[in-house]
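**Q** Predicted model and sequence follow; I will ask about them next.
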Amino acid sequence: MARRRQARWLLRAMSDSRRDGTLPPTPADVPADHPPTDAGLTMTTIATRPAAPSTPPAETAAAARRLDLYAPIHKALRLAMSQTLVAVGRLDVHDPAETVATLASVDALLDTLQRHLEHENEFVHAAIEARCPRGAARTADEHDGHLASIDALRDEARALQAASAEARAPLALRLYRHLALFVAENLQHMHVEETANNATLWAHYSDTELTALHARLLASIPPVEQLDVLRWMVPALAPAERAGLLQGARATMPPEAFLGVLEHVRPHVDTAGWRKLARSLGVAEQPGRSDAQHTRGAA
């Protein structure tokens, strides 16, 4: 019960501000002798001092060798959330084009997060519950809260888009703070999935079974959605992970299609990272139609 109350602290904070018509205070609203505060919004889940390792090193090394369904997609989501949050924080509300583009990125992020939790509910949580009843109860309950928070954030983004020029700054600040709280909640939530949920999956499923589960999940995702995710996943991964992901993709698609994937993700990978990836894949550092022969020969 305590965890359930904690999982909904963000939604309560957002709905309270909408209900009473108040917005988070701006620095100018706070008296100089009164430290800024968001009353009632104290996160109690962050340790005040470093904790001792909860898992012995030998067990950690063994876990690293198991198939991790969560790590790659969560790295993508952490990057998407971080970049979108920064964009909202620095938004020039007096620039119509920038406002439209930034709010479109918020909407795209919320779409991605909603689809992600739906995939987890349908495939990963279902697998956990099939062999460990109530094993995914905590994160499933938090998903319900996330859906409500996503709806609330959409409402706030629409309100900002429709607001008059003089009303935009406080509405942008409200969206920024509430998106920050939502990101914070998701970061904690993903940590639980990567530790507790993975431990449950590894205790009840072999890697062969998890690979088959992952294949079914991927098969359910339309190609356009997969490209949207790759836009964030490829730059978010470590070089070896990035190369492994794309080498696996190349083995399952025609050379021209694989080249299209490279062209899609290239603008989002830094120069040094792309150089390493190109070497690993055996393609030119500047992707183009000349790479088709390289991808065909390596397929």
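**A** In hand now; what should we look at? Numbers count the residues shown, from 1 in each chain.
**Q** Could you give the secondary structure assignment for the residue nearest the centre of the chain?
**A** Geometric centre of the chain, nearest residue: L77, 1.8 Å, by C-alpha atoms, centre = their mean. Per DSSP: H, G, I helix; E, B strand; the rest coil, the secondary structure class of L77 is helix.
**Q** tell me the contacts of T102?
**A** Contacts for T102 (C-beta atoms under 8 Å, 6 or more residues apart in numbering) come out as 87-88, 91. Any C-beta I mention is one placed from the backbone N, CA and C, and that applies to glycine too.
**Q** Against which helices or strands is the helix or strand that contains R177 packed?
**A** Element membership for R177, per DSSP states H and E: helix 168-192. With contacts defined as 3 or more C-beta pairs under 8 Å, 6 or more residues apart in numbering; DSSP states H and E, the packing partners of helix 168-192 are helix 9-20, helix 71-89, helix 96-119, helix 137-162.
**Q** now do 10 Å
**A** helix 2-7, helix 9-20, helix 71-89, helix 96-119, helix 137-162 (3 or more C-beta pairs under 10 Å, 6 or more residues apart in numbering; DSSP states H and E).
**Q** Neighbours of the nearest residue to D207 once chain neighbours are set aside, how many?
**A** With sequence-adjacent residues excluded and distances taken as C-beta to C-beta, 6 or more residues apart in numbering, D207 is closest to L67, at 4.5 Å. Neighbourhood size, L67 [other C-beta atoms under 10 Å]: 17.
**Q** I'd say L67 and A215 touch.
**A** No: applying C-beta atoms under 10 Å, one finds L67 not in contact with A215, separated by 11.4 Å.
**Q** Common neighbours of the two, please.
**A** The contact sets of L67 and A215 do not overlap (C-beta atoms under 10 Å, 6 or more residues apart in numbering).
**Q** got any ranges where the stretch 151-299 of the chain has weak pLDDT?
**A** Filtered on pLDDT under 70, the stretch 151-299 of the chain yields the residue ranges 287-299.
**Q** All the helices of it, residue numbers only.
**A** 168-192, 198-204, 207-219, 223-236, 239-250, 255-265, 271-281, 291-298 (DSSP state H, counting those that start in this stretch).
**Q** rewinding a little: ok, so what distance separates the residue nearest to the centre of the chain from Q114?
**A** Counting by C-beta to C-beta, to the nearest Å, the separation of L77 from Q114 is 12 Å.
**Q** R242 too?
**A** R242 is 26 Å from Q114, where distance means C-beta to C-beta.
**Q** between those two, who's got more neighbours?
**A** The neighbour comparison of R242 against Q114 (other C-beta under 10 Å) goes to R242, with 23 against 16.
**Q** my read: the more buried one touches G248, true?
**A** No: checked against C-beta under 10 Å, the pair R242 and G248 is beyond contact range at 11.1 Å.
**Q** picking that back up, if any of the contacts of T102 are buried, put those into a PyMOL selection.
**A** Only the buried entries of the contacts of T102 go into this PyMOL selection, using 16 or more other C-beta atoms under 10 Å:
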select buried, resi 87+88+91
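**Q** of the contacts of T102, closest to V229?
**A** Taking C-beta to C-beta as the measure, V229 lies nearest A87 of these, at 18.7 Å.
**Q** Can you give me the neighbour number for the spatially closest residue to K75 that is not a sequence neighbour?
**A** Leaving aside its sequence neighbours, K75 sits nearest to A236 (C-beta to C-beta, 6+ apart; 4.1 Å). Counted with other C-beta under 10 Å, residues neighbouring A236 total 21.
**Q** show me where pLDDT drops low in the stretch 1-150 of the chain?
**A** Residues of the stretch 1-150 of the chain meeting the criterion pLDDT under 70: 1-64.
**Q** Please report how far the residue nearest to D207 lies from T211.
**A** 6 Å.
**Q** before we move on, the earlier item: can you tell me which of the helices of the stretch 151-299 of the chain is most buried?
**A** Ranked by mean neighbour count under mean count of other C-beta atoms under 10 Å, these are led by helix 168-192, which reaches a mean of 19.
**Q** Which of the helices of the stretch 151-299 of the chain sits closest to A130?
**A** Taking the helices of the stretch 151-299 of the chain one by one with C-beta to C-beta, helix 198-204 is closest: 8.4 Å.
**Q** Let me see the backbone angles for the closest residue to E98 other than its chain neighbours.
**A** Sequence neighbours aside, D92 is the residue nearest to E98 in space, at 5.3 Å (criterion: C-beta to C-beta, 6+ apart). Backbone geometry at D92, expressed as degrees, to the nearest 10, gives phi -90, psi 100.
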